[in-house]
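Chemist: Following is a predicted model, sequence given first.
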Amino acid sequence: MSEGRVERRLAAILVADVVGYSRLMGRDEEGTLASLKAIRAEVGGPKIAEHRGRLVKTTGDGFLVEFPSVVDAVRCAVELQEAMAERNGTIPEDRRIAFRIGINLGDVIADQGDIFGDGVNIAARLEGLAESGGICISARVHEDAAGKVDAIFEDIGEPELKNIGRPVRVYRVRLRTSSQAPAAAPALALPDKPSIAVLPFHNMSGDPEQEYFADGMVEEIITALSGIRWLFVIARNSTFTYKGRAADIKRVAEELGVRYVVEGSVRKAGNRVRIAAQLIDSEAGTHLWADRFDGSLEDVFDLQDQIARSVAGAIQPSVRSAEIARSRRKRPESLDAYDLVLQAYPFVWSLDRASNGKALKLLDRALALEPDYPLALSLVAWCHAQQIAYNWTLDPAKSRDEVLRTAEAAASAATDDPTILTGLGAAYAIVRNHVLAERLLQRALLLDPSSAWAWNRSGWVHCYLDHPEVAVEHFERALRLSPFDPMNFNALVGIGVAHLGAERLDAAALCLEKALLDQPAATWIYRTLVPVYALLGREAEANAGLERLRAEYPDLTITKVVSALLVPQATLDLTAAGLRKAGLPD
């Protein structure tokens, strides 16, 4: 092989992950760690070896395995889930460890014992689609395994897989005998107040370019419902994982831990809009309300409020219109500016450098039309803050000036909009005004206690203020409000940072590894994981992580890492000591 040539090979890739890991760790950290080690030694290791698999790496609460055969990979997964179901039979439900498994056949890049590439990333996304105790496989795996493995394969279509640019057909693996079926973890407990999820509305316009408009309608309805303090509202980032999928309402409600589900459609033609929506009680299986709303684009905000009032009124007939009115953000004068903000929204949340740039371009166009549009200003401030936090900017001082300029402009134009307050709190935290950030986020959560984003950012502020236990609690609230959120890896990083601040190094490593499995491209996580590995004496993993970090940031030094992190001095000292031990220059 010529020097510098990348080693590639075709492999069956299995990714497994523990369901509800954060909940288990919060309940019994030491017991959970001991159970995971025992499962790997007594179940996982023997099954992998029996089916000719190679354990590539463990990831705290999961593992990555490479197989030369698709059939071996699927048989291993089936037997592993059967063994876990049997093992869990005598364990109380709230202490059971259950796995989700994803399997893909794909081309991988091999490097120093690890494997990378789309083949691995797709397997990780499939794992996220699996039920507790279940298995999801790609169509390429199904083609080879069907008829050779004693299981039933259920086609679930082509759900959207985050950061995967092409459609992937997915199958669930069902065991043929009910006695062998893996024990599912209990559904999320219902909150102590009415709980609701708004699913993505279908775009009936016949124009794929109008998808963002349909998504924006749902965004606004969720925002309006979140302003009603007696409602528990699932965040849009979780409900949007069902986009493009045929939804079984009862299953959706169980997976999200809610009683009520809203679904609907949007048709935009010229200057006219038609929105149809219905509210379903998942427990009773009945439709509580359904209606259709027609109007012009100029009426679109009123239509959204009408839907939110109708949904809330069907759940709680005594709801007052004032509760919906209180949730209204400052409406833009220019509908074109509003349209551009809707287009920017998915890019704002992506935590990806290129998407961040796209969001800023769209938001700048919106502000050119309406310079004092507070939502657009707050999102611009947050985009510039992300550039600082993730080392994406070549000029941190200039980015900091942009954060302050746009945040101050948004603050002067906004009233009590929880989304804007959260954006401002997040931005001010990145520029180290933690006291103001905490005040803004407290206000946002008072107005919208269902904001997963506000709970997430509040968790980070409490990390910065050296309140690790409060930080973990707030991150956990964010995870419950948005259990399938693509941003959840960020909350896991935050929990890991909080554990590091409390010197719980094993727990910190587990959370950070889980975050990297969810988002392999977020190499900035190694800024914290490498020092944790080094302090734990896990030298090989520290060295491998440092290589990944240097590949992304070639001129990185301890000084640059410490200057970018916002955590307390004691945590910075631990981080610096670990990075120095791993070999990063000062």
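Modeler: Arrived safely. Residues are numbered from 1 along each chain as shown.
Chemist: so what are the domain limits for the chain?
Modeler: As assigned by automatic domain parsing, the chain contains the domains 7-180, 195-326, 332-449, 481-586.
Chemist: To Ala471, which of these lies closest?
Modeler: domain 481-586 (4.2 Å; C-beta to C-beta). In this view, the C-beta of every residue, glycine as well, is placed from N, C-alpha and C.
Chemist: so how far is the first residue of that closest one from its last?
Modeler: In domain 481-586, first residue to last residue: 41 Å (C-alpha to C-alpha, to the nearest Å).
Chemist: for it, what is the average pLDDT?
Modeler: For domain 481-586, mean pLDDT is 87.
Chemist: Report the distance from it to the chain centre.
Modeler: Remark: domain 481-586 is offset 18 Å from the chain centroid, using C-alpha atoms, centre = their mean, to the nearest Å.
Chemist: likewise stretch 461-475?
Modeler: For stretch 461-475, the distance to the chain centre is 19 Å (C-alpha atoms, centre = their mean).
Chemist: Pull out the buried positions in that stretch.
Modeler: 461-468, 470-475 (16 or more other C-beta atoms under 10 Å).
Chemist: Same question for stretch 389-399.
Modeler: Residues of stretch 389-399 classed as buried by neighbour count (16+ other C-beta under 10 Å): 389-393, 399.
Chemist: same check, this time on stretch 141-155
Modeler: 141-142, 144-145, 149, 151, 153.
Chemist: How about stretch 62-78?
Modeler: Residues of stretch 62-78 classed as buried: 62-67, 69-78 (neighbour count, 16+ other C-beta under 10 Å).
Chemist: And Glu333, what's its pLDDT?
Modeler: 66.
Chemist: Now tell me which helix or strand of this structure has the poorest mean pLDDT.
Modeler: helix 321-326 (a mean of 46; mean pLDDT, DSSP states H and E).
Chemist: Adding distance to Arg457, write the domains of the chain out as TSV.
Modeler: Output for these, formatted as TSV (distance: least, C-beta to C-beta, whole Å):
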stretch	distance to Arg457
domain 7-180	18
domain 195-326	13
domain 332-449	4
domain 481-586	9
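Chemist: thought Glu136 was touching Ile122?
Modeler: Just to correct that, residue 136 is Cys rather than Glu. No: with contacts counted by C-beta atoms under 8 Å, Cys136 stays clear of Ile122, the gap being 10.4 Å.
Chemist: Contact partners for Val341?
Modeler: 332, 362-363, 366, 373, 375-376, 379 (C-beta atoms under 8 Å, 6 or more residues apart in numbering).
Chemist: 6 Å - rerun?
Modeler: Contact analysis of Val341 by C-beta atoms under 6 Å, 6 or more residues apart in numbering lists 366, 376.
Chemist: Ile558 and Ala276: what is the separation?
Modeler: Per C-beta to C-beta, to the nearest Å, Ile558 is found 57 Å from Ala276.
Chemist: And the furthest pair within the buried residues of stretch 62-78?
Modeler: Farthest pair in these, by C-beta to C-beta: Gly62 and Val71, 22.4 Å.
Chemist: in stretch 85-104, what's buried?
Modeler: Neighbour-count burial for stretch 85-104 [16+ other C-beta under 10 Å]: 85, 87-88, 96-104.
Chemist: try stretch 521-534
Modeler: Applying 16+ other C-beta under 10 Å to stretch 521-534 flags 522-534 as buried.
Chemist: Which of these fall within helices?
Modeler: Members of those lying in helices (criterion: DSSP state H): 526-534.
Chemist: With distance to Leu421 added, can I get these in a markdown table?
Modeler: Shown next, in a markdown table, are these (distance: C-beta to C-beta, whole Å):
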| residue | distance to Leu421 |
| --- | --- |
| Tyr526 | 32 |
| Arg527 | 28 |
| Thr528 | 28 |
| Leu529 | 32 |
| Val530 | 35 |
| Pro531 | 34 |
| Val532 | 33 |
| Tyr533 | 37 |
| Ala534 | 39 |
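Chemist: residue nearest the centroid of this structure?
Modeler: With the centre of the chain defined as its mean C-alpha position, the nearest residue by C-alpha atoms, centre = their mean is Pro486, 2.3 Å away.
Chemist: Can you report phi and psi for that one?
Modeler: Main-chain torsions, Pro486, degrees, to the nearest 10: phi -60, psi -20.
Chemist: Equivalent analysis for Leu288, please.
Modeler: Dihedral pair for Leu288: phi -80, psi -30, per degrees, to the nearest 10.
Chemist: so it touches Ile280, yeah?
Modeler: No: using C-beta atoms under 6 Å, Leu288 is not in contact with Ile280; the gap is 7.0 Å.
Chemist: ok, these two, which is more surrounded?
Modeler: Neighbour totals were compared for Leu288 and Ile280, and Ile280 leads with 22 against 16 (other C-beta atoms under 10 Å).
Chemist: What distance do you get for Val108 to Gly119?
Modeler: Per C-beta to C-beta, Val108 is found 5 Å from Gly119.
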